[in-house]
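In: take this sequence and fold it.
(2 chains)
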2 protein chains.
Amino acid sequence: MSTAASDHSAIPDVVTDVSGERLARAATIGRGAPVLAFDVGGTDIKSALFDADGTAIGLRRTPTPAGGEDAPERLIDRLVELADELRTQHPEIVPAAIGLVVPGIVDEQAGIGVFSSNLGWRDAPIRDLAAARFGLPVAFDHDVRTASWAEHVLGGARSYENSVVLIIGTGVAGAILIDGRPHTAGGYAGEIGHSPIGDWPCPCGARGCLEAIASAGAISRRYAEASGAHVGGAKEVIALAADGDEVAARVWNEALDALTMSIAQLTAVIAPEAVVIGGGLSRAGGALFDELRSRLRARLSFHRIPTLVPAELSGNAGILGSALRARELAGGGAA
Amino acid sequence: MSTAASDHSAIPDVVTDVSGERLARAATIGRGAPVLAFDVGGTDIKSALFDADGTAIGLRRTPTPAGGEDAPERLIDRLVELADELRTQHPEIVPAAIGLVVPGIVDEQAGIGVFSSNLGWRDAPIRDLAAARFGLPVAFDHDVRTASWAEHVLGGARSYENSVVLIIGTGVAGAILIDGRPHTAGGYAGEIGHSPIGDWPCPCGARGCLEAIASAGAISRRYAEASGAHVGGAKEVIALAADGDEVAARVWNEALDALTMSIAQLTAVIAPEAVVIGGGLSRAGGALFDELRSRLRARLSFHRIPTLVPAELSGNAGILGSALRARELAGGGAA
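Out: Here you go, the predicted structure:
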């Protein structure tokens, strides 16, 4: 199961090297208190200091420690090491708070990592563990909800008080913004990737999940299974479909139909002004957005069809959101 | 199309006669300002005064004027007549505000009936028309959202800050309560009956709508079509299914599967604590609730499955909600 797994790790164009030489695009959160931010994924951890100008300093990506019995403790050990390295390299930046976001089911109010198969924990008191080790206030939240928050404050969702952010990568994760506030329901809301739209089995144990047919991961896997040919990713399947490959066209068409169905449901039930789409698949551009727009119009009737917009912060949304959350805790706010 | 049409008119056990002798069950909203409340449906209008104790006085049901060119004006004419009759019969009750709820797509903030096929209007400024004729402040809202609000304040949803109320009758209508407040999205949210879960045609023009397969209306219609036999309603189809009628069993099974799919989606996306089910179909009791509970468990995995509870206010929810809304406007509040 990869509940609400973010796909940040699949995005190469925001990787920065260990020295922090290459700063990611758009990596600024405005003026405020300096903070230290982490975006923990199943594969790697992004870490950075954010200075008083809101610029990311020393942003880098390092592997996530393997899961297991004491996964939460070993993760915090690793975060402390990363923090020490950053502080040694940039002693002039003294963080006032820590931002820490993780995947899975997250109860951000209680500070609990309720469940993560990737990170290997259940009901882990991550926030308190981190706060005790760092001796600093820790803003703890869910990776995709935080990334969506960053899209709302700084990115593609900033014009909308009511939106849904869909991150379509290895999995499909979502976050819901209602009247300018995230709707989380104790961590259980926004599981659009594991919302049923059909009757096929999903590795999560449920039936008919969107993610099993429409994530970038599912698209390449389903093409490989049906054709026997290896592909580098969903992007390749989409290109093959455009070139007349029938198997690729069928797999891509089924993914588009599934995404259309899901967005149509969101339209009828929540009626967001906008659906902001990020993650690897969003880079398919018109092949994705134009198709979804015309299929939505064909499927719905009196409904108010939302504006479909690409996410803007790309793989940086998670760590920018983490820094924004830390700022809120430090009282610095976003500029 | 019967977007969000309430099924209040299908509920016989709350009808009161013209003299107001028989008061409906639970028809009290607590102490506060006296108000006059209307619940306008496609077939009939419920009207009542609510006194300072919050008791419904003179509650009755009368036919809705036919739609047409000047439908909004003719409706208001009829409401004024009803109000005059009530005031003549009960001169001691002087209403401080009017509650007026209607079906269709309703923008309650702008006071506009955006669309109603039953009542025959589009972008009708109902609230201002009514306020001008009555010379009193008018609380204007959507019938099912208001009924759901009453379920939240007085009925089955009162223990939950986050819930979805589903009214399954002639159609399927829904309302969403998030953090104790209705989520309306300018009138477009909560169209659960017209949220797609399959690929069949729906009279609304969209494809795969829940209502076309799982409303009480659809269940009797589909049984009649498949069997050639006439039935009095969904209740009869459910009874036939229990008695071994194969066509009835299939129709009922498909309705249950469709409702399960819809509630599963709500669970994954909004994660309400409770789904409150009202309308004619909710009186199927265990045949509905027990089935939905076990099918939800079978279909989902890590999700937080909501408590399924029956609505409590039955056909009174709309007019009680209308009165509550009027109270809010009059500054009296619910006790």
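In: show me where the stretch 1-150 of chain A has its strands.
Out: A:35-40, A:44-50, A:56-63, A:98-102, A:105-107, A:112-116, A:121-124, A:138-142 (DSSP state E, counting those that start in this stretch).
In: Throw the ones you listed into CSV and include mean neighbour count, mean pLDDT and distance to B:Val251, thanks.
Out: For the C-beta atoms, the positions are set from N, CA and C on the backbone; glycine is no exception. Shown next, in CSV, are those (neighbours: other CB atoms under 10 Å in any protein chain shown; pLDDT from 0 to 100; distance: least, CB to CB, whole Å):
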stretch, mean neighbour count, mean pLDDT, distance to B:Val251
strand A:35-40, 29, 97, 49
strand A:44-50, 26, 95, 52
strand A:56-63, 20, 94, 55
strand A:98-102, 30, 97, 46
strand A:105-107, 24, 90, 37
strand A:112-116, 23, 91, 38
strand A:121-124, 18, 93, 42
strand A:138-142, 27, 95, 41
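In: in a markdown table, list those strands along with distance to B:Val172.
Out: A markdown table is the format used below for these (distance: least, CB to CB, whole Å):
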| stretch | distance to B:Val172 |
| --- | --- |
| strand A:35-40 | 41 |
| strand A:44-50 | 44 |
| strand A:56-63 | 47 |
| strand A:98-102 | 37 |
| strand A:105-107 | 29 |
| strand A:112-116 | 32 |
| strand A:121-124 | 37 |
| strand A:138-142 | 31 |
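In: so for B:Gly208, which of those strands sits nearest?
Out: Among these, strand A:105-107 comes nearest to B:Gly208, with 29.2 Å by CB to CB.
In: show me which residues of the stretch 51-200 of chain A sit near chain B.
Out: Near chain B, the residues belonging to the stretch 51-200 of chain A are A:105, A:115, A:162, A:174, A:176, A:178, A:183, A:185-186, A:188-192, A:194-197 when assessed by CB under 8 Å from any CB of the partner chain.
In: if you set the cut-off to 10 Å instead, what comes out?
Out: A:104-105, A:114-115, A:117, A:162, A:164, A:174, A:176, A:178-179, A:181, A:183-199 (CB under 10 Å from any CB of the partner chain).
In: count of neighbours near A:Ala130?
Out: 23 (other CB atoms under 10 Å in any protein chain shown).
In: and what of A:Thr88?
Out: 8.
In: now swap in A:Val94 and tell me
Out: The burial count for A:Val94: 13, using other CB under 10 Å.
In: pLDDT wise, what is the closest residue to it other than its chain neighbours at?
Out: Using CB to CB, 6 or more residues apart in numbering or on different chains and skipping residues adjacent in sequence, the residue nearest A:Val94 is A:Pro34, 6.1 Å away. A:Pro34 is assigned a predicted lDDT (pLDDT) of 97.
In: surely A:Pro34 and A:Glu92 touch.
Out: Yes: under the criterion of CB atoms under 10 Å, A:Pro34 makes contact with A:Glu92 at 9.1 Å.
In: overlap in contacts of those two?
Out: By CB atoms under 10 Å, 6 or more residues apart in numbering or on different chains, A:Pro34 and A:Glu92 have these common neighbours: A:Leu49, A:Asp51, A:Ile57.
In: any idea which helix or strand comes after the longest helix belonging to chain A?
Out: Ranked by residue count under DSSP state H, the longest helix found in chain A is helix A:246-269. Note on helix A:246-269: by DSSP states H and E, the next helix or strand toward the C-terminus is strand A:274-278.
In: strand partners (parallel or antiparallel) of that next one?
Out: Using DSSP bridges, the strands paired with strand A:274-278 in its sheet are strand A:163-168 (parallel), strand A:307-310 (parallel).
In: after that strand, next one along is what?
Out: helix A:286-299.
In: assign a three-state SS to the closest residue to A:Ala147 other than its chain neighbours, would you?
Out: Spatial nearest neighbour of A:Ala147, chain neighbours left out: A:Ala317 (3.5 Å); criterion: CB to CB, 6+ apart. The three-state label given to A:Ala317 by DSSP: H, G, I helix; E, B strand; the rest coil is helix.
In: so what's the residue count around A:Ala317?
Out: 34.
In: you'd agree it is up against A:Leu154?
Out: Yes: with contact defined as CB under 10 Å, A:Ala317 and A:Leu154 form a contacting pair (8.4 Å).
In: mean pLDDT, mean neighbour count and distance to B:Phe302 for the strands paired with strand A:274-278 - can I get that in JSON lines?
Out: Shown next, in JSON lines, are the strands paired with strand A:274-278 (pLDDT from 0 to 100; neighbours: other CB atoms under 10 Å in any protein chain shown; distance: least, CB to CB, whole Å):
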{"stretch": "strand A:163-168", "mean pLDDT": "93", "mean neighbour count": "30", "distance to B:Phe302": "18"}
{"stretch": "strand A:307-310", "mean pLDDT": "96", "mean neighbour count": "17", "distance to B:Phe302": "28"}
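In: what sits against the nearest residue to A:Ser195 once chain neighbours are set aside?
Out: Excluding its sequence neighbours, the residue lying closest to A:Ser195 (CB to CB, 6+ apart) is B:Ala268, at 3.6 Å. B:Ala268 makes contact with A:3, A:174, A:188-196, A:206, A:209-210, B:300-304, according to CB under 10 Å, 6+ apart.
In: so A:Ala264 sits right up against B:Gly198, yeah?
Out: No: counting by CB under 10 Å, A:Ala264 sits too far from B:Gly198 to count as a contact (11.5 Å).
In: what is in contact with those two at once?
Out: Residues touching both A:Ala264 and B:Gly198 (CB under 10 Å, 6+ apart): A:Ile197, B:Arg207, B:Gly208, B:Cys209.
In: among the residues you listed, who's most crowded?
Out: That'd be B:Cys209 among the shared contacts of A:Ala264 and B:Gly198, by other CB under 10 Å, with 33 neighbours.
In: any weak-confidence spans in chain A?
Out: A:1-27, A:332-335 (pLDDT under 70).
In: circling back to that earlier point, looking at the strands of the stretch 1-150 of chain A, which is closest to B:Ala83?
Out: Between the strands of the stretch 1-150 of chain A, strand A:105-107 lies closest to B:Ala83; by CB to CB that is 50.3 Å.
In: residues in contact with that closest one: which ones?
Out: Here strand A:105-107 has contacts from A:3-4, A:112-116, A:122-123, A:126-127, A:140-146, A:184-188, A:191, B:302-304, using CB under 10 Å, 6+ apart.
In: so what strands line up beside it?
Out: Checking strand A:105-107 against DSSP bridges gives partners strand A:112-116 (antiparallel).
In: residues in contact with the strand it pairs with?
Out: Applying CB under 10 Å, 6+ apart, the contact partners of strand A:112-116 are A:1-5, A:40, A:42, A:67, A:71-72, A:75, A:102-107, A:119, A:121-129, A:140, A:142-143, A:186-188, B:302, B:304.
In: could you redo the last one with a cut-off of 8 Å?
Out: Strand A:112-116 has contacts (CB atoms under 8 Å, 6 or more residues apart in numbering or on different chains) with A:3, A:42, A:72, A:102-107, A:119, A:121-127, A:187, B:302.
In: now for the shared contacts of A:Ala264 and B:Gly198, which pair is the farthest apart?
Out: Taking CB to CB, the two most distant members of these are A:Ile197 and B:Cys209; they sit 13.9 Å apart.
In: return every residue with contacts to both of the two.
Out: Joint contacts of A:Ile197 and B:Cys209 (CB under 8 Å, 6+ apart) are B:Ile197.
In: not counting sequence-adjacent ones, nearest residue to A:Gly186?
Out: Using CB to CB, 6+ apart, the closest residue to A:Gly186 is A:Asp107 (5.3 Å).
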